[in-house]
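**Student:** Generate coordinates for the sequence data below:
(one chain, ligands or ions: 2)
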Amino acid sequence: MNQPLPASRPTKLLAADAPGITDAAALLCAGGLVALPTETVYGLAADATSGAAVAGIYAAKERPSFNPLISHLPDLASARRQGLLDANALALAQAFWPGPLTLVVPASPDCTVSDLARAGLPSVALRVPAHPIAHAVLEAAGRPIAAPSANRSGRISATSAAHVLADLDGRIDAVLDAGPTEVGVESTIVACLDGAPRLLRPGGVPREAIEHVIGRPLVIAGDAGHAPISPGMLASHYAPAARVRLDAEAPDDGEAWLGFGPDAQEYPASLNLSPNGDLREAAAHLFGYMRRLDETGRTTIAVARIPEYGLGEAINDRLRRAAAPR
Ligand code: TXA
Ligand code: MG
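**Tutor:** Ligands and ions are numbered 1, 2, ... in the order given. Predicted coordinates for the structure are as follows:
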């Protein structure tokens, strides 16, 4: 892959206040790279309409440039200028925006999102985030903002400004620090391209809630007859340095332990995603706890079984990718 090397530059820490929002929007409009908080994870933001600015994202993340990016907008009206929402897409937007849902739809004839951000596809991925700071920056920028998760490619997604800096300090212009993110896993991605809505990535909106709105089961991308069209479906992704062992009853000698629900026993190097067995709390802790266990230097992280409903589907999806052979 022919990519420019990320240029070294000082990374400013911006506060989540009016001057911080103004500075972030000005940097974005000037083609800069700014890590922004959203309710899911921190996004590495750039002007989606500028191929040069978007190229900066790929360089900073060292991300394969065939991966299309999500464009973020402040409201439904501005999203509808970029993409063509059919009846299902519109119902989903009305039910879940602002919020952790991304819709992949045909690009509108007036779409201003650059070819590079769309990876040359005739479709565009749109999201209206619920975070008030993200919303304020999007309004001030006045254009679609591309933002993949603010981590280096293949690493664990960043859920705090400190996580962003651990991966990207010196590679981006600024990070806007609004504290830890609330949802903790990325948005659910649904493609509405040809009538039957397809689940491209489980995420912050549970599948059951989406199926309730569209009144039928979602087709899963990758099911027979459907090629996986979302490169985010790559098997190995979200990887810590340690190996990950799933559905464990308990840690073996020397393993770190990521628990869920009441743990009868205490282990060394262990964290519990949610001692009460609350899947929302578990999602919010997932990436941060994987980082912390990775930092213990243990070579394997054993992970307790997580239920496969509600947000558990997104949590298990990320864990399976973290555990996939690399
Ligand atoms: O919660 C989130 O979604 C975060 C925050 C920052 O908004 N963003 C995020 O973006 O996770 P990213 O770039 O890491 O994930 C984008 C996913 C990728 O899996 C990509 O392949 C898929 O969206 N995608 C984007 N455009 C697409 C398109 N036109 N067709 C199919 N998949 C698309
Ligand atoms: Mg990511």
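**Student:** Which residues belonging to stretch 98-117 are considered buried?
**Tutor:** For stretch 98-117, burial by neighbour count (16 or more other Cβ atoms under 10 Å) applies to 98-108, 111-114, 116-117. Yep, even glycine has a C-beta here, placed from its N, CA and C like the rest.
**Student:** right, I mislabeled it, should have said stretch 118-132
**Tutor:** Residues of stretch 118-132 classed as buried under the neighbour-count rule (16+ other Cβ under 10 Å) are 118, 123-131.
**Student:** Can you list the strands that the worst-scoring helix or strand of the chain on mean pLDDT pairs with?
**Tutor:** Scoring the helices and strands of the chain by mean pLDDT, DSSP states H and E places strand 219-220 at the bottom, with a mean of 84. As defined by DSSP bridges, the strand partners of strand 219-220 come to strand 198-201 (parallel).
**Student:** so what does the helix or strand just after the partner strand touch, helix or strand wise?
**Tutor:** Moving toward the C-terminus from strand 198-201, the next helix or strand (DSSP states H and E) is helix 207-214. Packing partners of helix 207-214 (3 or more Cβ pairs under 8 Å, 6 or more residues apart in numbering; DSSP states H and E): helix 87-96, strand 188-191.
**Student:** Could I get the CA-only coordinates of the shortest one as PDB?
**Tutor:** Output for strand 188-191, consisting of C-alpha atoms alone and laid out as PDB, is shown next (Å, rounded to 0.1, in the frame of the first residue of the first chain):
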ATOM      1  CA  THR A 188     -24.600  -0.700  14.800                       C
ATOM      2  CA  ILE A 189     -24.200  -0.600  11.000                       C
ATOM      3  CA  VAL A 190     -27.300  -1.400   8.800                       C
ATOM      4  CA  ALA A 191     -27.200  -1.300   5.000                       C
END
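**Student:** ok, and does it reach over to ligand 1?
**Tutor:** Yes: remark: strand 188-191 sits within contact range of ligand 1 at Ile189, by Cβ under 6 Å from any ligand atom.
**Student:** For that strand, report the contacting residues that lie outside it.
**Tutor:** Under the criterion Cβ atoms under 8 Å, 6 or more residues apart in numbering, residues 70, 89, 92, 100-105, 123, 125, 197-207, 210, 218, 221, 229-230, 232, 314 lie in contact with strand 188-191.
**Student:** related to what we said a few turns ago, of all the helices and strands packed on helix 207-214, which one comes closest to Gly277?
**Tutor:** Closest approach to Gly277 among the helices and strands packed on helix 207-214 (Cβ to Cβ): strand 188-191, 21.8 Å.
**Student:** List the strands paired with that closest one, with their directions.
**Tutor:** strand 101-106 (parallel), strand 198-201 (antiparallel).
**Student:** give the contact list for Gly56.
**Tutor:** Neighbouring residues of Gly56 by Cβ under 8 Å, 6+ apart: 6, 31-33, 46.
**Student:** of all these, which two lie farthest apart?
**Tutor:** Farthest apart among the contacts of Gly56 by Cβ to Cβ are Pro6 and Gly31. That separation is 14.5 Å.
**Student:** Can you pick out the residue with more neighbours from the two?
**Tutor:** Taking other Cβ atoms under 10 Å, Pro6 and Gly31 do not tie; Pro6 has more neighbours (18 against 15).
**Student:** Need the per-residue pLDDT for the more buried one.
**Tutor:** As predicted, Pro6 sits at a pLDDT of 60.
**Student:** same check, this time on His237
**Tutor:** For His237, pLDDT reads 61.
**Student:** Please enumerate the helices of the stretch 1-150 of the chain.
**Tutor:** For the stretch 1-150 of the chain, the helices defined by DSSP state H, counting those that start in this stretch cover 18-29, 51-61, 76-82, 87-96, 132-141.
**Student:** Whether the longest one contacts ligand 1 - can you check?
**Tutor:** No: under the criterion of Cβ under 6 Å from any ligand atom, helix 18-29 makes no contact with ligand 1; the nearest approach is 13.8 Å.
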